[in-house]
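Chemist: compute the structure for the input listed below.
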Amino acid sequence: MTDTPLDLSALVDSTPGLTPEARERLAARLQTLIESEHVDQIESRRTRRFGTWTHRAVVIAVAAAVVVVFFVPLPRVSLFTTLIAPAKVTTPTTAPTKGLPVVDLSATPAGWVPVAYGDVQVSVPATFWVYDQDACSNFQTPGTVYVDPLYEQDCASQPPVRSPQITGVFIRPVQDVPRSFTNGHSAILNGLRVYPLHLKGVLGYYAPAFGIEVTADGPLARSVVNTLTHSPRAVALSSRPAPRVPLSWRSVTFAGLSFSVPSPESPPESPHLSRPVPSDWTINQTQSTPGLGGVCRAPGVAFVSAIVTLATDAQPYPIYYCPFIRPAPEQPENGVQVDSGLRTEPMLTLSFSRHCLNLHSLTACPATSPAYSILVLKVTVPGRSKPVYVSIGLAGNGMLARTILYSLRAA
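Modeler: From the prediction side, this is the model:
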């Protein structure tokens, strides 16, 4: 074993693409590197005798890399960039369970409000008239949404008055759509598979998985129908695995049921208030049968705030005097309402599905009508002679409502 410096001139001479000047510069740099390494090896020989050839191998490898990186042309590849560029780091985010329908929240423009019907929804300006079922009535400015409209003899005796400046939107269930109306070509719109409808003067989509079509005409027709996406109801009632209840939630027990809801946040203290302002998810107990949603605006459409209402239904439903209020779209809210007695609310007729859910020894049958932004379930509780009605608000992406639903169990 000798301490003769390494001669890398052969490596320099065999490197392609180098000019004589470049060869001289490279040879000088390599020689300096080798001599420096040689001195270091002599000084550390007594303590690291077995590391000499390892260091020489490293020097040769580094020198070869320098030659390749800086002097050998590599077409379409930036090796230098590859060597120094940091790897992309992605931060895990909370997402709905894999396989669930997705409510495309970005499909709702700023200032617009979702209008849900069954498993789909569209969004409209807050100034529209919505949930109007009388399709023979006159369209209102700036637009009207007819949800599952009722026709009376095709409006022959009193056809509705229309205006080119008014947008008319129809959301209705259909059994089938003629192939000539769709041309047989489907598309994915905001996560929902649809068939674009080809009708004269009308824009729309048909969602075959849910048997619902959305059509519109007027100045905002295209903008409205292009907001079509899944509704929170589709997420809440999906058959995918149940979500986990967050540890920060609290348990509520009433009428033989137990379920979980978010814990209310402590409101900030204020010297101007004698007592704290009630926050969301506070519990309200009552003996009267409460109304379902906005009683004087659009019953059964949406909750007005995220609270927990526990009703014994011992007293009849109070009949309110309601002045005429334009049926404007209501921003969906979360919330829970439990009715332990027979529902006596006269303003709604509930129809329930035959396809029920089995939730921890409970049987929960979802209502098919109304099917807006409140999910109503008729729950059979072991040991009780009459059902308990549980209503859950459907807002956002539907995951909160789904978590509440699957937390239901017998107390």
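Chemist: from Ser391, how far off is the nearest residue to Arg384 once chain neighbours are set aside?
Modeler: Among residues not flanking Arg384 along the chain, Gly256 sits closest, at 5.4 Å (C-beta to C-beta, 6 or more residues apart in numbering). Glycine gets a C-beta too; all of them are placed from N, C-alpha and C. For Gly256, the distance to Ser391 equals 17 Å [C-beta to C-beta, to the nearest Å].
Chemist: looking at the two, which is more packed in?
Modeler: Ser391 (21 against 15; other C-beta atoms under 10 Å).
Chemist: what sits against that one?
Modeler: Shown in contact with Ser391 (C-beta atoms under 8 Å, 6 or more residues apart in numbering): 292, 303, 336-339, 374-377.
Chemist: mind listing the helices for the protein?
Modeler: Per DSSP state H, the chain carries helices over the ranges 9-13, 20-43, 52-71, 79-84, 179-182, 221-225, 232-236, 399-406.
Chemist: ranked by average pLDDT, which of those falls at the bottom?
Modeler: Looking over the helices of the chain, mean pLDDT reaches its minimum on helix 79-84, with a mean of 26.
Chemist: nearest residue to Ile188 in space, please, no chain neighbours.
Modeler: Of all residues not flanking Ile188 in the chain, Val194 sits nearest, at 7.7 Å (C-beta to C-beta, 6+ apart).
Chemist: tell me if I'm right that the one you found and Tyr205 touch.
Modeler: Yes: using C-beta atoms under 8 Å, Val194 is in contact with Tyr205, at 4.0 Å.
Chemist: shared neighbours of those two, anything?
Modeler: By C-beta under 8 Å, 6+ apart, Val194 and Tyr205 have these common neighbours: Leu228.
Chemist: for the stretch 151-300 of the chain, which spans come out with low pLDDT?
Modeler: Scanning the stretch 151-300 of the chain for pLDDT under 70 picks out the ranges 152-154, 156-161, 265-279.
Chemist: my error: substitute the stretch 301-411 of the chain in the last question.
Modeler: Using pLDDT under 70, the stretch 301-411 of the chain drops low at 320, 324, 344-346.
Chemist: again, 80 this time
Modeler: For the stretch 301-411 of the chain, applying pLDDT under 80 flags the ranges 317-328, 342-347.
Chemist: got the domain ranges for the protein?
Modeler: 9-84, 105-230, 242-265+278-410 (automatic domain parsing).
Chemist: so can I have JSON lines of these showing distance to Gly99?
Modeler: Listed next are the domains of the chain as JSON lines, based on distance: least, C-beta to C-beta, whole Å:
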{"stretch": "domain 9-84", "distance to Gly99": "37"}
{"stretch": "domain 105-230", "distance to Gly99": "12"}
{"stretch": "domain 242-265+278-410", "distance to Gly99": "12"}
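Chemist: ok, which of the ones you listed comes nearest Ala236?
Modeler: With C-beta to C-beta, the closest approach to Ala236 among those belongs to domain 242-265+278-410: 4.4 Å.
Chemist: start to end distance for the closest one?
Modeler: Length of domain 242-265+278-410, first residue to last, C-alpha to C-alpha, to the nearest Å: 17 Å.
Chemist: cool, and stretch 393-409?
Modeler: End-to-end distance for stretch 393-409, by C-alpha to C-alpha: 18 Å.
Chemist: list the buried residues for that stretch?
Modeler: Residues 393-408 are the ones in stretch 393-409 that count as buried (16 or more other C-beta atoms under 10 Å).
Chemist: over to stretch 155-175?
Modeler: Residues 166-172 are the ones in stretch 155-175 that count as buried (16+ other C-beta under 10 Å).
Chemist: redo these as JSON lines? Include distance to His360.
Modeler: Output for those, formatted as JSON lines (distance: C-beta to C-beta, whole Å):
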{"residue": "Ile166", "distance to His360": "49"}
{"residue": "Thr167", "distance to His360": "46"}
{"residue": "Gly168", "distance to His360": "45"}
{"residue": "Val169", "distance to His360": "40"}
{"residue": "Phe170", "distance to His360": "40"}
{"residue": "Ile171", "distance to His360": "34"}
{"residue": "Arg172", "distance to His360": "36"}
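Chemist: which residue, other than its chain neighbours, is closest to Val103?
Modeler: Closest to Val103 by C-beta to C-beta, 6+ apart is Asn397, at 4.6 Å.
Chemist: among the buried residues of stretch 155-175, which lie within strands?
Modeler: Taking DSSP state E, the ones among the buried residues of stretch 155-175 that sit in strands are 167-172.
Chemist: output these as JSON lines; include the columns distance to Asp313.
Modeler: Output for these, formatted as JSON lines (distance: C-beta to C-beta, whole Å):
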{"residue": "Thr167", "distance to Asp313": "41"}
{"residue": "Gly168", "distance to Asp313": "39"}
{"residue": "Val169", "distance to Asp313": "36"}
{"residue": "Phe170", "distance to Asp313": "36"}
{"residue": "Ile171", "distance to Asp313": "32"}
{"residue": "Arg172", "distance to Asp313": "33"}
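Chemist: what's the closest of the residues you listed to Gln315?
Modeler: Using C-beta to C-beta, Ile171 comes nearest to Gln315 of those, at 36.0 Å.
Chemist: contacting residues around the closest one?
Modeler: 115, 117, 120, 122, 145-148, 212-214.
Chemist: make it 10 Å
Modeler: Going by C-beta atoms under 10 Å, 6 or more residues apart in numbering, Ile171 touches 115-118, 120-122, 130-131, 145-149, 204, 212-216, 228.
Chemist: next one: Ala236
Modeler: When contacts are counted by C-beta under 10 Å, 6+ apart, Ala236 touches 100-101, 119, 366, 375, 392, 394, 398-406.
Chemist: which one of those residues is nearest to Arg179?
Modeler: Asp119 (23.1 Å).
Chemist: ok, the residue lying closest to the closest one once chain neighbours are set aside to Cys155 distance?
Modeler: Closest residue in space to Asp119, ignoring its immediate chain neighbours: Ala234 at 3.8 Å, by C-beta to C-beta, 6+ apart. As for Ala234, its distance to Cys155 is 32 Å (criterion: C-beta to C-beta).
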